[in-house]
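[1] give me the fold of what follows.
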Amino acid sequence: GKDKIIFVTKEDHETPSTAELVADDPDDPYEDQGLILPNGDINWNCPCLGGMASGPCGEQFKSAFSCFHYSTEEIKGSDCVDQFRAMQECMQKYPDLYPQEDENEEKSSKDLEATPGEASVDKEEKGSS
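    Prediction:
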């Protein structure tokens, strides 16, 4: 694949490198340019998006994020409620891919509040489902 293993000797390290740096093409959309490309477009390949632009809800994410990014409303993104709602509804259909943090926090706090007997019953019920 994409990786190449190179073994070097002690002698290889003793001589100065002859490698030359080549300037990156600032208009190459496939290079890691950050979230916003030099031309102002959104870089959907940016690792900073954590893969949200792909997957079953990628189109809804792109729609909501684009709306927010280009929003000119007084409260930025206030005109994007419908797009964000569609994205959230899609994400709720795939809880394994898009875990809801609020639910996890509630479960943790319930476990802490439960008596030791109740907590073990909860865990047994979860394991059997």
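[2] where does residue 33 land in three-state SS?
    At residue 33, secondary structure determined by DSSP: H, G, I helix; E, B strand; the rest coil is coil.
[3] show me the shaky parts of the protein.
    For the chain, applying pLDDT under 70 flags the ranges 21-32, 102-129.
[4] which stretches of this structure form helices?
    For the chain, the helices defined by DSSP state H occupy 10-14, 58-70, 81-92, 101-113, 116-128.
[5] what sits against residue 60?
    Residue 60 is in contact with 83, 86-87, 90-91, counting by Cβ atoms under 8 Å, 6 or more residues apart in numbering. In short, each C-beta sits where N, CA and C put it, glycine included.
[6] so residue 86 sits against residue 64, correct?
    Yes: the criterion here is Cβ atoms under 8 Å, and residue 86 meets it with residue 64 at 7.3 Å.
[7] between the two, which has more neighbouring residues?
    residue 64 (23 against 16; other Cβ atoms under 10 Å).
[8] separation between the closest residue to the more buried one other than its chain neighbours and residue 44?
    Spatial nearest neighbour of residue 64, chain neighbours left out: residue 83 (4.0 Å); criterion: Cβ to Cβ, 6 or more residues apart in numbering. Going from residue 83 to residue 44 by Cβ to Cβ, to the nearest Å gives 16 Å.
[9] then residue 38?
    When residue 38 is compared with residue 44 (using Cβ to Cβ), they lie 15 Å apart.
[10] give me the more crowded residue out of the two.
    Neighbours per residue (other Cβ under 10 Å) separate residue 38 from residue 44, with residue 44 holding more: 17 against 12.
[11] and that one, what does it touch?
    Contact analysis of residue 44 by Cβ under 8 Å, 6+ apart lists 53, 62.
[12] again, 6 Å this time
    Listed by Cβ atoms under 6 Å, 6 or more residues apart in numbering, the contact partners of residue 44 are residue 53.
[13] residue 13 versus that one, what's the distance?
    Counting by Cβ to Cβ, the gap from residue 44 to residue 13 is 40 Å.
[14] then residue 2?
    Per Cβ to Cβ, residue 2 is found 25 Å from residue 13.
[15] when those two are compared, which one has more neighbours?
    Comparing residue 2 with residue 13 by other Cβ under 10 Å, the one with more neighbours is residue 13, at 8 against 3.
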